[in-house]
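what would the 3D arrangement of this be:
(2 chains)
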Amino acid sequence: MAGDGISMVNPGILRANNRQTLLDCKDIHVPDALPPLDDLVACPQCDTLHQATDLPDNARAYCQRCGIVLMTSQPAAIARILSLALTAFIMMIAAISFPFLTLDAGGLHNATSVIDAVLAFDEGLAIPLAIAVAFFIVGIPLIRLGALIYALGPLVREQPIRVGARKAFGLAETLRPWSMAEIFIVGVTVALIKVAGMAAVTIGPAFWAFAGVVVITVLKDQLICRYSIWEALEQKAG
Amino acid sequence: MGSAGTEGGLITARDAGLVACQRCGQVHAQDALYCKRCDGRLQSRDTESLQRVWAWLFAGMIAYIPANIYPMLLTSTLVERSESTIIGGVVELVEYGSIGIAIIVFVASVVIPIGKFLAIGYLAISVQRGSQDNQHQRHKAYEVVEFIGRWSMIDVFVVAILSALVQLNTIATINPGIAAVSFALSVIFTMLSAQSFDSRMIWDVNRTAE
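Prediction:
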């Protein structure tokens, strides 16, 4: 098969330096001679090889076979990701400190923070669920933001990366599907409609802070191009 | 040499005798164990993927049964005490006249979970059989399942918010029912099932069959 193709490549010798690499959708055909391994990118979802070249700004490169986005090229993406992550982190702190929703009915009054929402499940079997919900809506988003800030901070200041920066970025990406702040906001909307007939509900400042976190997180995740960030982390590893 | 050529002349890292990192895309020689760029573990194909997919999928389906039988919400007011299941909650919303919200809840708690069970089962079976059909559609299905699965959690969060908010002593209280726990578990298990699926297997068949 293609075994003779690989024998011509000696990985480890060839290193791409300071390449603003982004990928072109150049197909790689039968590998008589493969380009250096550092110039190759494999699609994480279908394993198809592509050759990396420079992408113009604001362009996206898609996998030739399965069509997922392999890379994006946004000018100053890392600085923008870092600033959005810092903003979201601060707003998240506000979102868990202030009252979230307030309910008034028949002279009784009940103010709820996000933490109260989590502690609703505080009896018996429901405790593990309480912990899981706390993680989904507050814990994991905060861990992701913290890890991104830790990993990308020195990159923006052109300094060598911190110890464990690669682990931190890997963690932030692994946790991505488990961060459910945006789903929580939709859940809150549904809950508001269910309660609306029963009592007067006032929306507190934390609700808006939380909504802000959701919007900023979406914008931030749109900017993350894994390939470029891993490459930047590698180059600054020293 | 020509045997590696497939659709459009594209080849995979495995065909080229290489192994690719799924986290960062870096390509390595086949005997590498860890990625030199991101330290991730390298595996050309996850050989135990399907076992884990099936195990989590069955766990998710089993947890989904009590989630539908038992009450999700326990509501007590001055005059009555009521329990509502997932479907009961949707019916209530329709009675309030909130058709749009009822549809959102119905889709998130019934259509998406069941659709996910079917889609993951279909993907796993088609990979086991070495099917060569509809690779693009199957890959799309996989992406949709990965993207949309988390949204089933809506109902769990609704229960969380309602039971925190509506605690007005005698007038009205809402508490979570046992179904909230099993539904959350069902969603978590199916998310793990979808994540265990190695989508590269969808594209492998036409090469091995050739």
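
domain ranges for chain B?
With domains defined by automatic domain parsing, chain B comprises B:1-44, B:46-209.

and of those domains, who's closest to A:I229?
Set against A:I229 and scored by C-beta to C-beta, the domains of chain B come closest in domain B:1-44, at 8.4 Å. Every residue, glycine included, has its C-beta placed from N, CA and C.

for that closest one, give the mean pLDDT please.
Averaged across domain B:1-44, pLDDT comes to 75.

stretch B:188-206 and chain A in contact?
Yes - counting by C-beta under 8 Å from any C-beta of the partner chain, contacts between stretch B:188-206 and chain A involve B:I188, B:M191, B:Q195, B:S199, B:R200, B:I202, B:W203.

okay, buried residues for that stretch please.
Along stretch B:188-206, these residues count as buried under the neighbour rule (16 or more other C-beta atoms under 10 Å in any protein chain shown): B:188-205.

next SSE downstream of the longest helix belonging to chain B?
Counting by DSSP state H, the longest helix found in chain B is helix B:49-69. Counting by DSSP states H and E, the next helix or strand C-terminal to helix B:49-69 is strand B:73-77.

how many residues are close by the residue lying closest to A:R80 once chain neighbours are set aside?
In space, and not counting its chain neighbours, A:R80 is closest to A:L223: 5.7 Å by C-beta to C-beta, 6 or more residues apart in numbering or on different chains. Neighbourhood size, A:L223 [other C-beta atoms under 10 Å in any protein chain shown]: 16.

how far away is A:L223 from chain B?
With the distance defined as C-beta to the nearest C-beta, to the nearest Å, A:L223 ends up 17 Å from chain B.

need the pLDDT of that residue.
At A:L223, pLDDT is 87.

show me the strands in chain A, by range?
A:21-27, A:40-42, A:49-54, A:59-62, A:69-73, A:101-105, A:108-112, A:200-203 (DSSP state E).

turn those into JSON lines, including mean neighbour count and mean pLDDT.
Listed next are these as JSON lines, based on neighbours: other C-beta atoms under 10 Å in any protein chain shown; pLDDT from 0 to 100:
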{"stretch": "strand A:21-27", "mean neighbour count": "18", "mean pLDDT": "42"}
{"stretch": "strand A:40-42", "mean neighbour count": "26", "mean pLDDT": "85"}
{"stretch": "strand A:49-54", "mean neighbour count": "20", "mean pLDDT": "80"}
{"stretch": "strand A:59-62", "mean neighbour count": "16", "mean pLDDT": "83"}
{"stretch": "strand A:69-73", "mean neighbour count": "20", "mean pLDDT": "83"}
{"stretch": "strand A:101-105", "mean neighbour count": "18", "mean pLDDT": "79"}
{"stretch": "strand A:108-112", "mean neighbour count": "16", "mean pLDDT": "77"}
{"stretch": "strand A:200-203", "mean neighbour count": "14", "mean pLDDT": "84"}
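
low-confidence ranges in chain A?
For chain A, the stretches flagged by pLDDT under 70 are A:1-34, A:106, A:120-126, A:238.

for it, which helix is longest?
helix A:77-97.

which elements pack onto that helix?
Counting contacts by 3 or more C-beta pairs under 8 Å, 6 or more residues apart in numbering or on different chains; DSSP states H and E, helix A:77-97 packs against helix A:114-119, helix A:140-156, helix A:205-223, helix A:226-235.

contacts for the shortest one, please.
Outside of helix A:114-119, the residues that reach it under the criterion C-beta atoms under 8 Å, 6 or more residues apart in numbering or on different chains are A:95-96, A:100, A:130, A:133-134, A:137-138, A:206, A:210, B:160-161, B:164-165.

can you pick the most crowded of those?
Greatest neighbour count in the contacts of helix A:114-119, by other C-beta under 10 Å, goes to B:A160: 32 neighbours.

what's the helix or strand for it?
helix B:154-165.

so that helix, near chain A or not?
Yes - using C-beta under 8 Å from any C-beta, helix B:154-165 reaches chain A at B:I154, B:D155, B:V156, B:F157, B:V158, B:V159, B:A160, B:I161, B:L162, B:S163, B:A164, B:L165.

mean confidence (pLDDT) on that helix, please.
85.

list of residues touching that helix?
Contacts for helix B:154-165 (C-beta under 8 Å, 6+ apart): A:101, A:103, A:110, A:112, A:116-121, A:129, A:133, A:137, A:180, A:183-184, A:186-188, A:190-191, A:194-195, A:201, B:72-73, B:86, B:89, B:104-105, B:108-109, B:174-177, B:180, B:183-184, B:187.

bridging residues for A:Y62?
A:V69 (DSSP bridges).

that older thread, for the domains of chain B, which has the smallest mean pLDDT value?
domain B:1-44 (a mean of 75).

run through the residues that contact B:R200.
Taking C-beta under 8 Å, 6+ apart, one finds A:Q45, A:C46, A:D47, B:T12, B:R45 in contact with B:R200.

how many neighbouring residues does residue 132 have?
Looking at chain A here, since you left the chain open. When neighbours are counted by other C-beta under 10 Å, A:A132 comes out with 21.

that was the other one, I meant chain B.
13.

in a strand, it, correct?
No - B:Q132: not assigned to a strand; according to DSSP: H, G, I helix; E, B strand; the rest coil it is coil.

just the helices in chain B please.
Using DSSP H, the helices of chain B run over B:49-69, B:86-96, B:99-106, B:112-128, B:135-148, B:154-165, B:178-196, B:200-209.

hmm, the third one touching chain A?
Yes - in terms of C-beta under 8 Å from any C-beta, part of helix B:99-106 sits within range of chain A, namely B:I101, B:I104, B:V105.

of those - the most surrounded one?
B:V105 (24 neighbours).

do you know how far the nearest residue to that one once chain neighbours are set aside is from A:D38?
Excluding the flanking residues, the one nearest B:V105 by C-beta to C-beta, 6+ apart is B:V90, at 5.4 Å. Applying C-beta to C-beta, to the nearest Å, the value for B:V90 to A:D38 is 54 Å.

same thing with B:V187?
B:V187 is 40 Å from A:D38, by C-beta to C-beta.

cool, and B:R45?
23 Å.

hmm, back to that, drop anything exposed from the contacts of helix B:154-165.
A:101, A:103, A:110, A:112, A:116-121, A:129, A:133, A:137, A:180, A:183-184, A:186-188, A:190-191, A:194-195, A:201, B:72-73, B:86, B:89, B:104-105, B:108-109, B:174-177, B:180, B:183-184, B:187.

got a list of what A:F169 touches?
A:A147, A:L148, A:A151, A:L152, A:I229, A:W230, A:L233, B:C38.

any idea how far the second one lies from A:E234?
The one in question is A:L148. A:L148 is 17 Å from A:E234, by C-beta to C-beta.

and for the third one?
When distances are taken as C-beta to C-beta, A:A151 and A:E234 turn out to be 12 Å apart.

which residues are contacting stretch A:194-213?
A:88, A:91-92, A:94-105, A:111, A:113-114, A:141, A:181, A:184-185, A:188, A:192, B:89, B:92-93, B:96, B:158, B:162, B:165-166, B:168, B:172.
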